[in-house]
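[1] no sequence for this one, just the structure:
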């Protein structure tokens, strides 16, 4: 069966849309203008992506999921959902505070209220969410590696999906200020695959997908770091 490769392609496209595409929808949400369309649509993110993670998790192996594996999935999903929800709310308040300050209606940017919101938005939520993202990748690769489903890798779909998700991965960890998590993990997946999984990728579509993604992300991280002499966010260098 070849569905896993196409499932990773769907996952990569939806990740690009919900992680990056929604950023361009920061216009007031008509039913409740204090929110933006980004905020409203981002409510759908876990409802759409977590079930896809589950499908990849379920079909990654030829064996039924064990209780331990299911508990591991739930634990990682908790980090993912908790971080995402915290980020959605805090980022929405953060954006509103910035708009109110720029329009001179009220300026709370120098207050402890804003400092706490910023901490939830740019620090705690990012680490919780991104630990969940990396945990999902590790769990999926482990389950497939341990007991392959015998699924054939469709390379054109895997390459397209890997490029899309590799770029998305790079962007979210760079803008999320969590490169210290994202870069080492991407490098580990890349090296482990090259050393021990290179010949197995034709039968391990998830490994192939995450290898392409992590290889591209690693290259982008290194290139960005060398060019800027560090890892500034896109917003810090005027790109968004």
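    Good, I have the coordinates. Everything quoted here is computed from the prediction, not taken from an experiment.
[2] Could you list every helix and strand in contact with the longest helix seen in the chain?
    Across the chain, the longest stretch assigned as helix under DSSP state H is helix 67-102. With contacts defined as 3 or more CB pairs under 8 Å, 6 or more residues apart in numbering; DSSP states H and E, the packing partners of helix 67-102 are helix 37-42, helix 45-59, helix 112-119, helix 125-146. No exception for glycine: its C-beta is placed from N, CA and C like everyone else's.
[3] okay if I get those as JSON lines plus mean pLDDT?
    Formatted as JSON lines, the helices and strands packed on helix 67-102 follow (pLDDT from 0 to 100):
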{"stretch": "helix 37-42", "mean pLDDT": "96"}
{"stretch": "helix 45-59", "mean pLDDT": "97"}
{"stretch": "helix 112-119", "mean pLDDT": "93"}
{"stretch": "helix 125-146", "mean pLDDT": "97"}
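[4] Of these, flag the one that's most buried.
    helix 125-146 (a mean of 20; mean count of other CB atoms under 10 Å).
[5] Residue 230: which of the helices and strands packed on helix 67-102 is closest?
    When the helices and strands packed on helix 67-102 are compared by CB to CB, helix 125-146 sits nearest residue 230, at 17.6 Å.
[6] how far does the closest one sit from the chain's center?
    10 Å (CA atoms, centre = their mean, to the nearest Å).
[7] contacting residues around the helix or strand just after it?
    Once helix 125-146 ends, the next helix or strand along the chain (criterion: DSSP states H and E) is helix 155-175. The contact list for helix 155-175, computed with CB atoms under 8 Å, 6 or more residues apart in numbering, reads 5-6, 8-9, 11-13, 15-16, 19-20, 130, 133, 179, 181-183, 186, 205, 208-217, 220-221, 224, 231, 233-235.
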